[in-house]
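Student: dropping the sequence and predicted coords here.
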Amino acid sequence: MAAHRWVYLFRDGNAQQRDLLGGKGANLAEMTNVGLPVPPGFTVTTEACNAYFEDGASLPEGLWEQVLDGLADIERQMGRTFGSPDRPLLVSVRSGAKFSMPGMMDTILNLGLNDVTVRGLAAEADERFAYDCYRRLIQMFAKVVLDVNADLFEDVIDEHKRALGVRNDFELPAHDLRRMVAEFQEIVRRETGQDFPDDPHDQLRAAIIAVFESWNNRRAIDYRNANNIPHNLGTAVNVQAMVYGNMGPDCATGVAFTRNPSTGEKRLFGEYLTNAQGEDVVAGVRTPQPIEQMADDPHVGPAYQQLQEIAQRLEQHYRDMQDLEFTIQNGKLYMLQTRTGKRTGAAAVKIAVDMVKEGLISKEEAVQRVLPSQLDQLLHPTIDPGHTGEVLANGLPASPGAATGQVVFDADEAKALAEDGHDVILVRLETSPEDFHGMLAARAVLTARGGMTSHAAVVARGMGKPAVVGCTALQVDYDRQQITINGTVIPKGDYITLDGSTGAVMLGKVPTIEPQVHGDLATLLGWADEIRKLGVRANADTPEDAAKARELGAQGIGLCRTEHMFFQGDRIWAVREMIIATTEEERRAALAKLEPMQREDFAGIFRAMDGFPVTIRTLDPPLHEFLPHTDAEIEELARTMSIDPEIVKSKVVALREANPMLGHRGCRLGITAPEITEMQARAIFGAALDVAAEGVDVRPEIMIPLVGDVEELRLQREVVDRVAREMFAEAGRSIPYLVGTMIELPRAALLADKIAEQAEFFSFGTNDLTQTTLGLSRDDSGRFLPYYVEHGIFKHDPFQVLDREGVGELIRIAVERGRKTRPDIKLGICGEHGGDPSSVEFCHQAGLDYVSASPFRVPIARLAAAQAAL
Ligand code: ADP
Ligand code: MG
Ligand code: MG
């Protein structure tokens, strides 16, 4: 039986074999086979690495013989011999897993040198070069294979440089390098009790084993955990003939991207160093030159021309931007690596669109090339990458974007200062609906408590404002009007900077970069719109948000939360009157004040959404959220209503609930006080009639929240339909409208067939549906959910990524049962999940008609919906 194949020559592999050969090996093979100048070599497979670990850390049978065969092939191609005193062959041993793990595993250069072969190498070129290679080998080998502290070697190098009064490694003469080699050998002897192995085959075997072992070093494991890379893939090992960038002034080493990875500009971008080897470019010992300067260097100018041609060819071949590593030896170019280049959001969009225009990729591929998270970067200001700000602490990255402002603790004060032209950041222990106007006025929000779906997080995302929440290191002292973060005291009025994309809280003003909505972005999203099947709507509460949402491509509003209007300006007083009212008469009087204001808002939203549906939810939150809490506020309310403050106070106490989320809220409010729903219906239909008369195409959809039984919906629907009938009769015209419900209780999902008798549409309110299905409080889960996610008990925060198994199953049931009763029932989702790419994919698969997301997440939802359809 033939032995298992553990080794592939570069010329026998190809780019499709990433699983077996690793990314680096597969691409070295591919480059070899398209005829690019790649030093010859072979790849030891990932299977060999896995077999090595399975066999209790020993090389699998047949491997070493195959390595020797591979080595013989390199020798033939190079006309050199491994271990020979005359024209010695040197090789590199390079790690390379399926997914690139930059810098996580180990590579060793110049294997094959010893006290004898080094003289052979010196005879070919010069002594300085040969001993430079040798000292590098001992250094790398000692560090990677023998686990000797790398600083010991650096110290020796520094001593030599100091003694000679030179600054750079390459200024060290042969004499010193030779002495350094002896000193390095001595360090190895002292630190390990063994001599540096002078048999090149021993070196090679030990290096291959060390690369296998590096798959399981701490750094590599952490990297895989952070990037969701499985731990059982193993790494391949590439053994490749050395070429030398450190042989003289006509030698160089460098890295390049075929296009600019931060802007996407179509031009070779990178850095190089002459007379250097391997890691020197990234190690920062010398400052590398921008790659275009190669053109002006007579020694490497011709190789630069060739590099540009090869870069083009590789792009054509791989049909994507490439990240290259190369070396020039005596003016001749060698390619050492190519892989798909990492890029920023801006570059991803530009490159994808440009490549379609160049005929390199299809529109569908372009749409698939841009990650939704990359779009997210584009739609918010970001911290200037060159910043020098100090990070004081990290909280949860609740709403992306960066902002700088003065610390303010109170919503009213935030508003006042903002109106005076200050940039402020609202800092609270946590926020409540009462802080809404302060959040609106602030540049960003910071809270000490709360999770990713706390009030602050949800509202900030909705506003497209940066927010960092649940920053446990933050102590908020309202009395002293200051915050303390890890010992740093920041009084009110001082500047801080937040990065809502990373959760960082920084001291002072850190420069930020404004987002640019590129022409290319519009093009790409246009292609996404052609592909996607799901509609995309926005969650918007004000005419301004609605206009923004349209601008970002929303095809309607999936959720307009009427209560947010209640907090604007003086309206809160009328709202409070409504709540305090003891008789229906009193309540109607207060509602009469609110009606024209709501009517005006709805009119603005309808105008902004001309021709598109607008889903308006009737009042949802527990009433106590609107009530005054401090004595001063209570007194003020009592004064305006001319009643006894004690009455107000007792009302506040009476409305307090043990568990408001499951209390008197949602449709339960409109059922016990139908006049509230009636007022809202009047405002909606009044506004609809008004703007329809202006020629606007109005499509209201009235949505009743928190329904658990069809009877609840029937009762609310009766109110809405009656108001419509009356108002249409009065106006002598009518407006087409729909009445539907949110599905946000498990019971509603299970009884969807019954509920559909009364509902023309369902909108899955997945924030509450997640909360009620998992029995997990949105506002309290911040205390333990991060632990769950960190320890892998939950794969994701279910408030961010829809729980497909549980909540998703209820959605599937509701879709099926709802359609059974009413085949043309409209189905959408309006929870925070509407803007999460993986949840959008689920909605596509579940056959929903649309998703609704915060305005700033509308472009992400458009892209994600297209990707789900491909
Ligand atoms: P990493 O995965 O950390 O980038 P590599 O295996 O790509 O490690 O090696 C790092 C660098 O070492 C390469 O970019 C190249 O400059 C140098 N190098 C590796 N193999 C060779 C070789 N055969 N000849 C010359 N330089 C090499
Ligand atoms: Mg590399
Ligand atoms: Mg809800």
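Tutor: Nice, thanks for sending it over. Ligands and ions are numbered 1, 2, ... in the order given.
Student: shaky segments in the stretch 1-150 of the chain?
Tutor: Along the stretch 1-150 of the chain, the parts satisfying pLDDT under 70 run over 1-2, 103.
Student: could you measure the residue in it that ligand 3 sits nearest to against L20, distance?
Tutor: Here the stretch 1-150 of the chain gets closest to ligand 3 at one residue, F99, 39.8 Å apart by Cβ to the ion. (C-beta placed from N, C-alpha, C; glycine too.) Using Cβ to Cβ, to the nearest Å, one obtains 14 Å as the distance from F99 to L20.
Student: returning to that earlier point: show the pLDDT at the closest residue to the residue of the stretch 1-150 of the chain closest to ligand 3 other than its chain neighbours.
Tutor: Distances taken as Cβ to Cβ, 6 or more residues apart in numbering put I229 closest to F99, at 5.2 Å, once the chain neighbours are dropped. The predicted local confidence for I229 comes out at a pLDDT of 85.
Student: so who does I229 touch?
Tutor: Contact analysis of I229 by Cβ atoms under 8 Å, 6 or more residues apart in numbering lists 97, 99, 101, 223.
Student: on that earlier part again, who's more crowded, F99 and L20?
Tutor: L20 (19 against 15; other Cβ atoms under 10 Å).
Student: on the three-state scheme, that one is what?
Tutor: Here L20 is recorded as helix under DSSP: H, G, I helix; E, B strand; the rest coil.
Student: what about G782, distance to A226?
Tutor: Between G782 and A226 the distance, using Cβ to Cβ, works out to 22 Å.
Student: what parts of the stretch 151-300 of the chain come near ligand 1?
Tutor: 240-243, 253, 278-279 (Cβ under 6 Å from any ligand atom).
Student: bridging residues for the residue lying closest to Y244 once chain neighbours are set aside?
Tutor: Leaving aside its sequence neighbours, Y244 sits nearest to Q329 (Cβ to Cβ, 6+ apart; 4.9 Å). Beta-bridge partners of Q329, counted by DSSP bridges, are K332.
Student: so who does the closest residue to R267 other than its chain neighbours touch?
Tutor: The shortest distance from R267 to any residue other than its chain neighbours is 6.3 Å, reached at N260 (Cβ to Cβ, 6+ apart). By Cβ under 8 Å, 6+ apart, the residues touching N260 are 266-267, 269, 347.
Student: quick check: A467 touching G450?
Tutor: No - taking contacts as Cβ atoms under 8 Å, A467 lies outside contact range of G450: 9.7 Å.
Student: where does the prediction get shaky in the chain?
Tutor: Counting by pLDDT under 70, the chain contains low-confidence ranges at 1-2, 103, 282-286, 453, 462, 514-518.
Student: more neighbours: A467 and G450, which one.
Tutor: A side-by-side neighbour count of A467 and G450, using other Cβ under 10 Å, places A467 first with 34 against 28.
Student: apart from its chain neighbours, what residue comes closest to the more buried one?
Tutor: Across the structure, with Cβ to Cβ, 6+ apart as the measure, the residue nearest A467 apart from its sequence neighbours is A460 (3.4 Å).
Student: next up, the contacts around the residue at minimal distance from the centre of the chain.
Tutor: Note on the chain: the residue nearest the mean C-alpha position is S373, at 4.3 Å, using Cα atoms, centre = their mean. Applying Cβ under 8 Å, 6+ apart, one finds that S373 lies in contact with 345, 837.
Student: where does it fall, secondary structure wise?
Tutor: helix 372-378 (DSSP states H and E).
Student: buried set for that helix?
Tutor: 372, 374-378 (16 or more other Cβ atoms under 10 Å).
Student: please apply the same query to stretch 620-630.
Tutor: Using 16+ other Cβ under 10 Å as the burial criterion, the residues of stretch 620-630 that qualify are 620-628.
Student: and for stretch 159-172?
Tutor: Of the residues in stretch 159-172, those buried under the neighbour-count criterion (16+ other Cβ under 10 Å) are 160-161, 169-170, 172.
Student: can I get it in PDB, CA atoms only?
Tutor: Extracted C-alpha coordinates of stretch 159-172, given in PDB (Å, rounded to 0.1, in the frame of the first residue of the first chain):
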ATOM      1  CA  GLU A 159      25.900  46.400  22.400                       C
ATOM      2  CA  HIS A 160      27.700  45.900  19.100                       C
ATOM      3  CA  LYS A 161      26.000  48.900  17.600                       C
ATOM      4  CA  ARG A 162      26.800  51.000  20.600                       C
ATOM      5  CA  ALA A 163      30.400  50.000  20.600                       C
ATOM      6  CA  LEU A 164      30.700  50.900  16.900                       C
ATOM      7  CA  GLY A 165      28.500  54.000  17.200                       C
ATOM      8  CA  VAL A 166      26.200  52.900  14.400                       C
ATOM      9  CA  ARG A 167      22.400  53.000  14.400                       C
ATOM     10  CA  ASN A 168      21.400  50.300  11.900                       C
ATOM     11  CA  ASP A 169      21.800  46.500  11.800                       C
ATOM     12  CA  PHE A 170      23.000  46.800   8.200                       C
ATOM     13  CA  GLU A 171      25.900  49.000   9.200                       C
ATOM     14  CA  LEU A 172      27.400  46.200  11.300                       C
END
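Student: where's it relative to the chain centroid, distance-wise?
Tutor: Taking Cα atoms, centre = their mean, to the nearest Å, the mean C-alpha location of stretch 159-172 is offset from the chain mean by 44 Å.
Student: swap in stretch 739-757?
Tutor: Average the C-alpha atoms of stretch 739-757, do the same for its chain, and the two points are 34 Å apart (Cα atoms, centre = their mean).
Student: same question, stretch 844-864
Tutor: Mean-position distance between stretch 844-864 and its chain equals 17 Å (Cα atoms, centre = their mean).
Student: where's Y478 relative to R428, distance?
Tutor: Using Cβ to Cβ, which is the criterion applied here, Y478 is 9 Å from R428.
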